[in-house]
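Enquirer: Sharing a model prediction with you, sequence too.
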Amino acid sequence: MQLARFGPDCAYPPPSRAEAQGYCSWLARTHYENFTVASTLLPRRLIRHFHTIYAYCRWADDLADESGGGERALELLRWWREELLACYDGRPHHPVFVALRGTIRRFDIPPQPFLDLLSAFEQDQRVKRYDTFADLLDYCRRSADPVGRLVLYLCEAFDDKSAALSDHICTALQLANFWQDVDRDFTIGRVYLPREDRARFGYGEDDLAARRFTPAFAELMRFEVDRTREMFQRGLPLVERLPSEMRTDIELFAQGGLAILRKIEQQGYNVWARRPALAKWEKGLLLVRALGRRFRLAATRGGTRERLAFRCASRPNKTTLSESHAYCERLARKQAGNFYHAFRLLPTAKRRAMCALYAFLRVADDLSDGPEDVAEKRRKLAEWRHRFEEMLNGVYHHPLHPALHRAIVDYGIPRRYLDEALDGVCTDLDVTCYDTFTDLYKYCYCVASAVGLSCIHIWGFRGDKATEYAESAGIALQLTNILRDLAEDAGRGRVYLPREDLDRFGYRVEDLQRGRRDDRFRALMRFQVERARRYYDAALPLGELLDPSGRAVYRVILRTYRGLLDAIEKCDYDVFGQRVRLSQGRKLWLALQALPLRCGW
């Protein structure tokens, strides 16, 4: 740190922009990090801007950690904030801010990410331990997430979806660093392992003070590592949303964090005895693997998510029916998750029809979640609907169209259900919250019940009551999805829990966004879980009205999602940390249990 040269008590003329930029680049090149600050893979036009952002963060970090701490650190951080605000007012003086001014103007970066970072550095002076994981996440939201958001601005790829994915990766990187440095942090008086987690696994204050490695500590660390890995996985789709020239760098950071977690596991979670770190050859191996994935993706699909999701040709597509079935099957196998295990219980013709239906809805969903602005997404969804209309008249523009058309004709799927499903996808472009459960029910019907009503035509059913039961099943499944994905959706600015329910339990949207899991939240979640269970109960009779193979699929899907609901309840409604899911073994067991039904036994 160069307080004696550029500190608050120093008098010096503002440097030129070139001098300021040279200073930031020097600072970036002369400080060690786990990964180089501006890798040689970065586009040359962005390197100086990355250096500038790094210099801002480096100075703030040094002011907090190398000034003796306490009130002196807080005083210096207040000065740094004043310098930042002067920069935004067009009056930069410090070399870092002279350079930063150009970056801010070039990429239209708002002040909030920079201010959030300073807030976290100030908190470091006051808070040395954390009671709950929610408290720790709130710290990460300001200490780590702003860095990722700044990178998105430099990539000119900032939008709400990408920001939410970036937050997952950045928080996970911060947590991985905490678990890597448990011993180092304890030496300087900091404990990032939440008190509630230590209590949960029976790792007491005496054990902590003695730095004891015990079975309880190993289980505690296993829990934290698993939860952090899940965050990385939730954020990795960000890579495909970035410009191709940036993907390898961002993937390297994420894979580096995951590699640290593997190191912790490999040494039996004993981070007291040895700090897990990557050797140079291991970092090189990560680079080779990342580059290999990029080259393979570029060769197979042009390297962009958009081309995979939306390949409607302006002229009719000549894909054969067998090629179309193969396309839909590949897409379902890769992306259908919980559903594909169930699809495999169906006879070949019905399985193909289900994969075609899934592929149609998957593409629509990807168009809604794409990186474009809302107007462009709306245009693409309108085109997708128009091509669907032409498909019904035998004119195909997409590889999935022949298979979907055959399914609609063979199984008599009413068109209105697919139109309603598309209506639900479009709703997500305009609606981010719901006032009442009646409003939410309409949305759930479109995105889930309409799909279920399409499915039972493929499975085969009898009796008028089947449609009523299928509607209830769709509501139950979508409510379960909403509860499981509360944290992720809140990070994207979406709150599906009705406002009337939040008000009833005195829980605010701001509490949800901050991950507060208190008695109010538990009461709110208990109410939501019981509501979903009532819809599961109402949907149960559908199984008896389905053909045997359809009954088997229905049982797997219903039990899988009801199992997710039970898991949410079992983990005390902790949907803010590790994503609630069923193991692959549990899913396989559910499928095996349904085999007798498939055979009509």
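Expert: Received it, and whenever you're ready, just let me know what you need. For clarity, every value in this text was computed on a predicted model and none was experimentally measured.

Enquirer: how about low-confidence regions in the protein?
Expert: 1, 31-42, 66-67, 279-317, 337-339, 341, 370-371, 577-601 (pLDDT under 70).

Enquirer: With adjacent residues omitted, what lies nearest to Val127?
Expert: Closest residue in space to Val127, ignoring its immediate chain neighbours: Tyr139 at 7.5 Å, by Cβ to Cβ, 6 or more residues apart in numbering. (Each C-beta comes from the backbone N, C-alpha and C, glycine too.)

Enquirer: which secondary structure element contains that neighbour?
Expert: helix 133-143 (DSSP states H and E).

Enquirer: which residues sit against that helix?
Expert: Identification of contacts with helix 133-143 by Cβ atoms under 8 Å, 6 or more residues apart in numbering yields 116-117, 119-121, 123-124, 127, 130, 167, 170-171, 174-175, 192, 194, 196-197, 514-517, 574, 576-577.

Enquirer: moving C-terminal of that helix, what's the next helix or strand?
Expert: helix 145-155.

Enquirer: Tell me which other helices or strands that next one touches.
Expert: Judged by 3 or more Cβ pairs under 8 Å, 6 or more residues apart in numbering; DSSP states H and E, helix 145-155 is in contact with helix 44-65, helix 95-107, helix 112-126, helix 160-180.

Enquirer: quick one on the thing from earlier: for the buried ones among the contacts of helix 133-143, write the corresponding ChimeraX selection.
Expert: Of these, the buried ones go into a single ChimeraX selection, burial set by 16 or more other Cβ atoms under 10 Å:
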select :116,117,119,120,121,124,130,167,170,171,174,175,192,194,196,197,515,516,517,574,576,577
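
Enquirer: Throw the helices and strands packed on helix 145-155 into CSV and include distance to Arg562, thanks.
Expert: Converted to CSV, the helices and strands packed on helix 145-155 look like this (distance: least, Cβ to Cβ, whole Å):
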stretch, distance to Arg562
helix 44-65, 46
helix 95-107, 47
helix 112-126, 39
helix 160-180, 27
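
Enquirer: what comes up buried for stretch 532-550?
Expert: So stretch 532-550, judged by 16+ other Cβ under 10 Å, has buried residues 532-533, 535-536, 538-540, 542-543, 545-547, 549-550.

Enquirer: Start and end of it, how far apart?
Expert: Using Cα to Cα, to the nearest Å, the end-to-end distance of stretch 532-550 comes to 23 Å.

Enquirer: contact partners of that stretch?
Expert: Defining contact as Cβ under 8 Å, 6+ apart, one finds that stretch 532-550 is touched by 345-347, 350, 456, 458-463, 465-466, 469-470, 472-473, 475-476, 479-480, 483, 551, 554-555, 558, 562, 565, 597-600.

Enquirer: Next secondary structure element downstream of the helix or strand containing Glu389?
Expert: Using DSSP H and E, Glu389 maps to helix 374-392. The C-terminal neighbour of helix 374-392 among helices and strands, as given by DSSP H and E, is helix 401-411.

Enquirer: by how many degrees do that following helix and helix 374-392 diverge?
Expert: With axes from the mean of the first three to the mean of the last three Cα atoms, to 10 degrees applied, the angle from helix 401-411 to helix 374-392 works out at 60 degrees.

Enquirer: Okay, buried residues for helix 401-411 please.
Expert: Going by 16+ other Cβ under 10 Å, helix 401-411 has these buried residues: His401, Pro402, Ala403, Leu404, His405, Arg406, Ala407, Ile408, Tyr411.

Enquirer: just checking, what packs against that helix?
Expert: Applying 3+ Cβ pairs under 8 Å, 6+ apart, one finds that helix 401-411 makes contact with helix 321-335, helix 348-368, helix 374-392, helix 450-459.

Enquirer: from the chain's centre, how far out does the very next helix or strand once past that helix sit?
Expert: Where DSSP H and E defines the elements, the next helix or strand beyond helix 401-411 is helix 415-430. What separates the centre of helix 415-430 from the centre of its chain is 23 Å, taken as Cα atoms, centre = their mean, to the nearest Å.

Enquirer: Repeat that for stretch 248-258.
Expert: The answer for stretch 248-258 is 15 Å, by Cα atoms, centre = their mean.

Enquirer: same question, stretch 225-234
Expert: With Cα atoms, centre = their mean as the basis, stretch 225-234 stands 10 Å off its chain's centre.

Enquirer: got it, and stretch 53-63?
Expert: With Cα atoms, centre = their mean, you get 27 Å for stretch 53-63.

Enquirer: So which bits of it are buried?
Expert: Ile53, Tyr54, Ala55, Tyr56, Cys57, Arg58, Trp59, Ala60, Asp61, Asp62, Leu63.

Enquirer: Which of those residues sits closest to Asp207?
Expert: Proximity of the buried residues of stretch 53-63 to Asp207 (Cβ to Cβ) peaks at Asp61, which lies at 30.6 Å.

Enquirer: which one is that closest one nearest to, not counting chain neighbours?
Expert: Phe121 (6.9 Å).

Enquirer: Quick check: that neighbour vs Tyr88, distance?
Expert: 18 Å (Cβ to Cβ, to the nearest Å).

Enquirer: now Val363
Expert: Distance from Val363 to Tyr88, counting by Cβ to Cβ: 42 Å.
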